[in-house]
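Undergrad: Coordinates only, no sequence provided:
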């Protein structure tokens, strides 16, 4: 059994902006169930405190750059037994907006100070200087908001091991030199072998350069981020530390995402009882004011409407697909131009396109349960969750061969259809022509009910549970570091 301090800037269901929250809310409870002693540490955001009762203060200490003492509040993650420590510093976290953005949608101007305070508090907990009588064997950090933690712990004489997980290389936490000096951090961190990056202060690089082990959320993405296309300038660091880099595929929470007992869908179904799938399709068509036509292919899309997700590719192929008579159900929010494009399509083709601009958990589950085909043509996708949800729900995914999409979807061709391993359709080039070809391949197979049913069933029977991923993390936690300090990184 290992003692794990799991550090994250968000965790479902307490606070969520993206996939990091799903991981942080799912992996620690599974590790606990497998025997590890796990504590989750989060900032005490206003939104978190508003949904919880008054919490006990279990520790209080001073930190540099903060006039008032920082308090540690204790609770448990809802619907689990997992202890949660909340870093309570009201001047930094007690505000409206989300963890990273203000109500105006812009980055908080003091984000560097906010997450430096968070990192310093984590170090105090990790070194048992908060008086809680608990010291972890491993501190597991996630994304740039905790990237400073391995760097600060590396300055300590005796410290726990550190694991740093990259959920998305595109977000690095970059700030000017003036910010670095204002934070009062050790001067040794401003160095090309540490956290300096082209004369900027790079939080993510701190995790990459100083952590004992680096992980990311799929094996393919672990290879991709060693190239310039995916590393955003940090490929030199990642190649230098390649022996410490591991790809561990994210899991999904089947207690929340399983059509056999999903409370958010109107009709339950399973591989042995597929009738509910057709009933959910009718419910989805009704919800989006589309004609209830059981034999018309219904394409679903749920996600952020941004270029990374290939939304422009979807918009480029939809006119041709609509001529073929398909229906489309879309749920998401993002770039205003993409949102408006889907609104316009729904206005001009009300019998074929339904769009919900925003995010609603019930709508997301209904699309997964009711659509025939799920579109996920991402330009890059560290892991992706919706394609895994789609597999479980018998909604055949069409994905680009990148990151976790490549690791989870088996392309349906003559060989994989013959041996029964096909679960979806995969294309390579990030262009609309390749996407259209893949969708047309899916539509062709859809017209062969027996083959289509087999692809659905194969996907539904795959196991992408968190337990498999958690056991890989446990194996990594047991590998104690052999170096005495961090592995220095070359200039990018």
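TA: Nice, thanks for sending it over. Here the structure is a predicted model, which means the values were calculated and not measured. Numbering: from 1, shown residues only.
Undergrad: Show the end-to-end separation of stretch 43-61, please.
TA: The straight-line separation of the ends of stretch 43-61 (CA to CA, to the nearest Å) is 15 Å.
Undergrad: quick one: buried residues of that stretch?
TA: By neighbour count with 16 or more other CB atoms under 10 Å, stretch 43-61 contains the buried residues 43, 44, 45, 47, 48, 49, 55, 59, 61. To be clear about C-beta, it is placed using only N, CA and C from the backbone, and glycine gets the same treatment.
Undergrad: Just checking the distance from that stretch to the centre of its chain.
TA: In terms of CA atoms, centre = their mean, to the nearest Å, the centre of stretch 43-61 is set 24 Å apart from its chain centre.
Undergrad: what residues are up against residue 302?
TA: Counting by CB atoms under 8 Å, 6 or more residues apart in numbering, residue 302 makes contact with 330, 331, 332, 363, 364, 367, 368, 374, 386.
Undergrad: Looking at those residues, which one is closest to residue 456?
TA: Distance to residue 456, by CB to CB, is smallest for residue 374 among the contacts of residue 302, at 11.6 Å.
Undergrad: What are the contacting residues of the strand or helix carrying that closest one?
TA: Residue 374 is part of strand 373-376, with elements assigned from DSSP states H and E. With CB under 8 Å, 6+ apart as the test, strand 373-376 has contacts from 297-303, 309-310, 314, 367-368, 384, 386-387, 390, 395-400, 405, 439, 442-443, 446.
Undergrad: Which ones among those residues lie within strands?
TA: Of the positions in the contacts of strand 373-376, 298, 299, 300, 301, 302, 303, 396, 397, 398, 399, 400 sit in strands, assigned by DSSP state E.
Undergrad: hang on, the earlier thing: can you say which two of the buried residues of stretch 43-61 are spatially most distant?
TA: Farthest apart among these by CB to CB are 47 and 61. That separation is 24.2 Å.
Undergrad: Got the domain ranges for this structure?
TA: Following automatic domain parsing, one gets these domains for the chain: 3-251+468-477, 275-463.
Undergrad: thinking again about what came up before, of the contacts of residue 302, which belong to helices?
TA: Counting by DSSP state H, the contacts of residue 302 place 363, 364, 367, 368, 386 in helices.
Undergrad: could the residues you listed go into JSON lines alongside neighbour count?
TA: As requested, those are exported to JSON lines (neighbours: other CB atoms under 10 Å):
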{"residue": "363", "neighbour count": "20"}
{"residue": "364", "neighbour count": "20"}
{"residue": "367", "neighbour count": "31"}
{"residue": "368", "neighbour count": "27"}
{"residue": "386", "neighbour count": "27"}
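Undergrad: quick one: which of these is nearest residue 137?
TA: Looking across the ones in helices among the contacts of residue 302 and measuring by CB to CB, the closest to residue 137 is residue 386, at 34.1 Å.
Undergrad: my read: the closest one touches residue 367, true?
TA: No. Residue 386 is beyond contact range of residue 367, at 9.2 Å (criterion: CB atoms under 8 Å).
Undergrad: and residue 166, how far is that from residue 239?
TA: 14 Å (CB to CB, to the nearest Å).
Undergrad: So between the two, which is more surrounded?
TA: Higher neighbour count among residue 166 and residue 239: residue 166, with 27 against 15, using other CB atoms under 10 Å.
Undergrad: Phi first, then psi, for that one.
TA: phi -90, psi 120 (degrees, to the nearest 10).
Undergrad: Need the per-residue pLDDT for it.
TA: Looking at residue 166, its pLDDT reads 98.
Undergrad: ditto for residue 340
TA: At residue 340, pLDDT is 98.
Undergrad: what about it, which helix or strand?
TA: With DSSP H and E as the test, residue 340 turns up in helix 336-348.
Undergrad: Show me what the helix or strand just after that helix is in contact with.
TA: Where DSSP H and E defines the elements, the next helix or strand beyond helix 336-348 is strand 353-357. The contact list for strand 353-357 (CB under 8 Å, 6+ apart) reads 287-290, 318, 322, 327-333, 339, 342-343, 345-346, 363.
Undergrad: Mind doing that once more with 6 Å?
TA: Identification of contacts with strand 353-357 by CB atoms under 6 Å, 6 or more residues apart in numbering yields 288, 290, 328, 329, 330, 331, 333, 339, 342, 345, 346, 363.
Undergrad: what's the average pLDDT for it?
TA: On average, strand 353-357 scores 97.
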